[in-house]
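K.L.:
need a 3D model of the following:
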Amino acid sequence: MDDNQISKRVATVAAATPFQLLYEFYRLSGYQERRYQPGVLDFTFGDPHDPPSADYVEILREALIPQHELWFAYKIGDPNAIAAATESLRRHTDLPFEPDDVHLTTGGFTAISVALKLVGDPGDEVVYSLPPWFLYEPIVLEAGLVPVKVPIDRTTFDLDLDAIAAAITPRTRIVIVNSPNNPTGRIYPVETLQRLAALLDEASARNGRRIYLISDEAYNRIVFDGARFRTPVEFYPWSFLAYSYGKTLLSPGERIGYLAVPPTMPGRDALRDAIEALQIAGGWLFPNVSMQYALPQLETLAFDIPLFQQKRDVMVDALRSMGYRVTIPEGTFYLFPESPLPDDTAFVALLADEDVLTLPGRMFETPGFFRISLTATMATIEASLPRFQAAFAKATEAAVAH
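P.N.:
Residues are numbered from 1 along each chain as shown. So this is what the prediction gives:
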């Protein structure tokens, strides 16, 4: 292939470590074929394994029935959809969002990408914590920005505020926070968010340039044990809130979400037109109109918290009884146990030998752990337990032999 055929920017994105690992796993490892083989238990991605509800299917079906000649015309934002999203935001955050603050996007993925480009100039630095959602680095690089990675506390899974403070330079423009966190399931407490806000305010004043926060909240309605989620936007006005309906509705292939600018953001009026301009220039980054028409009714559907809390409890109790070290997640639908082997890739291979598919911690730039997705069915979870036990026994034998 001609070395000049692909731009240097695209080559840099494609060479990002998480992107490479994801590509190797998804395309080159045989995963795509193996996940469909009889007897294979898939705990990799947050794909739905239970069938969608009849209500969900009916809402989408109704949204596809034209009601006038322009039913499928270009649409930046359906007023009814935006009103429903705005009301939901007010209810979940206790902040007085207005419809003009809410910009519908093709999922939370696009919302983050738009926010990065909205306030970031080429060469600006973006700070985020490890383990991250594995596509932060590629989308930061695609925006022409520089990723700066800091560790979390590997015992509590809390943000390491000292590490964040140490990573901030005069080039820092954005900090990304993901709570509830994928993959750890940690919900960052109010005290941590308040300290983070003070830290960013002080650093902005010191640099003479505002540092913005992007709050990635794809799982903000998936919380357990009666916990109340508190958004970082509540404590730091210079924030953007990125949300995806794909997680709550267990339909990541049907893309709709939003980027919200909080009413506390100074000068937010100037951002509204700029967001729409970016969405148009980026290739019409608005949801398909059918998803926009469906949104008011989709907002009425509830995530089955009791079922997923039961899945979490069954899996955590069983894994702990086997000897695994695993922290109880406060939200999301993932577990992030420690690997019984120092080489998490080797342990994930042991699980694969038992026909159990999971993701190694190195895909989240956090070796020594592995991720389990609880979107698998309860029957799959129960069938997997003897296999997790067998893999743990093999890992223990290997460690003793070594």
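K.L.:
who are the packing partners of the lowest-mean-pLDDT helix or strand in the chain?
P.N.:
Least confident helix or strand, the chain: helix 17-23 with a mean of 81, by mean pLDDT, DSSP states H and E. Where contact means 3 or more CB pairs under 8 Å, 6 or more residues apart in numbering; DSSP states H and E, helix 17-23 is packed against helix 136-142. No exception for glycine: its C-beta is placed from N, CA and C like everyone else's.
K.L.:
what pLDDT, on average, does the helix it packs on get?
P.N.:
Averaged over helix 136-142, pLDDT sits at 96.
K.L.:
and for stretch 251-268?
P.N.:
95.
K.L.:
now stretch 335-349
P.N.:
96.
K.L.:
and that stretch, how far apart are its ends?
P.N.:
Stretch 335-349 has an end-to-end distance of 18 Å (CA to CA, to the nearest Å).
K.L.:
rewinding a little: now do the buried residues in the least confident helix or strand of the chain.
P.N.:
18-19, 21-22 (16 or more other CB atoms under 10 Å).
K.L.:
where does this structure dip in pLDDT?
P.N.:
Low-confidence segments of the chain, defined by pLDDT under 70, span residues 1-3, 28, 402.
K.L.:
buried set for stretch 170-189?
P.N.:
Of all the residues in stretch 170-189, those buried under the rule 16+ other CB under 10 Å are 172-188.
K.L.:
domain ranges for the chain, per the record?
P.N.:
Here the domain assignment for the chain is 35-53+304-401, 69-298, based on automatic domain parsing.
K.L.:
for the stretch 251-400 of the chain, just list every one of the strands.
P.N.:
257-260, 334-335, 356-357, 359-360, 370-373 (DSSP state E, counting those that start in this stretch).
K.L.:
quick one: residue 331 and residue 188 touch, right?
P.N.:
No - Residue 331 is not in contact with residue 188 according to CB atoms under 8 Å; the separation is 10.4 Å.
K.L.:
overlap of the contact sets of these two?
P.N.:
Residues touching both residue 331 and residue 188 (CB atoms under 8 Å, 6 or more residues apart in numbering) are 179, 181.
K.L.:
reformat the strands of the stretch 251-400 of the chain as JSON lines; add distance to residue 81 and mean neighbour count.
P.N.:
JSON lines is the format used below for the strands of the stretch 251-400 of the chain (distance: least, CB to CB, whole Å; neighbours: other CB atoms under 10 Å):
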{"stretch": "strand 257-260", "distance to residue 81": "9", "mean neighbour count": "27"}
{"stretch": "strand 334-335", "distance to residue 81": "29", "mean neighbour count": "24"}
{"stretch": "strand 356-357", "distance to residue 81": "36", "mean neighbour count": "24"}
{"stretch": "strand 359-360", "distance to residue 81": "33", "mean neighbour count": "24"}
{"stretch": "strand 370-373", "distance to residue 81": "29", "mean neighbour count": "25"}
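K.L.:
so what's the residue count around the closest residue in space to residue 396 that isn't next to it in sequence?
P.N.:
Distances taken as CB to CB, 6 or more residues apart in numbering place residue 340 nearest to residue 396, at 6.6 Å, with adjacent residues excluded. The number of residues packed near residue 340 is 22, by other CB atoms under 10 Å.
K.L.:
ok, now the one 3 residues further on?
P.N.:
Neighbour count for residue 343, taken as other CB under 10 Å: 15.
K.L.:
what residues are up against it?
P.N.:
residue 367.
K.L.:
hmm, back to that, for residue 13, which of the domains of the chain is the nearest?
P.N.:
With CB to CB as the measure, domain 69-298 is the member of these nearest residue 13 (4.8 Å).
K.L.:
isn't the residue nearest to residue 396 up against residue 389?
P.N.:
No - using CB under 8 Å, residue 340 makes no contact with residue 389, being 11.3 Å away.
K.L.:
which one among the buried residues of helix 17-23 gets closest to residue 144?
P.N.:
For the buried residues of helix 17-23, the nearest to residue 144 is residue 19 (16.0 Å; CB to CB).
K.L.:
against residue 142, how distant is the closest one?
P.N.:
10 Å (CB to CB, to the nearest Å).
K.L.:
now do the shared contacts for the two.
P.N.:
Common contacts of residue 19 and residue 142 (CB under 8 Å, 6+ apart): residue 13.
K.L.:
which residues of the stretch 201-350 of the chain fall in helices?
P.N.:
In the stretch 201-350 of the chain, the segments counted as helices under DSSP state H, counting those that start in this stretch are 245-248, 269-281, 289-298, 305-322, 344-353.
K.L.:
state the distance from residue 274 to residue 262.
P.N.:
From residue 274 to residue 262 the distance is 16 Å (CB to CB).
K.L.:
and the gap between residue 39 and residue 357?
P.N.:
Remark: distance between residue 39 and residue 357 (CB to CB) = 11 Å.
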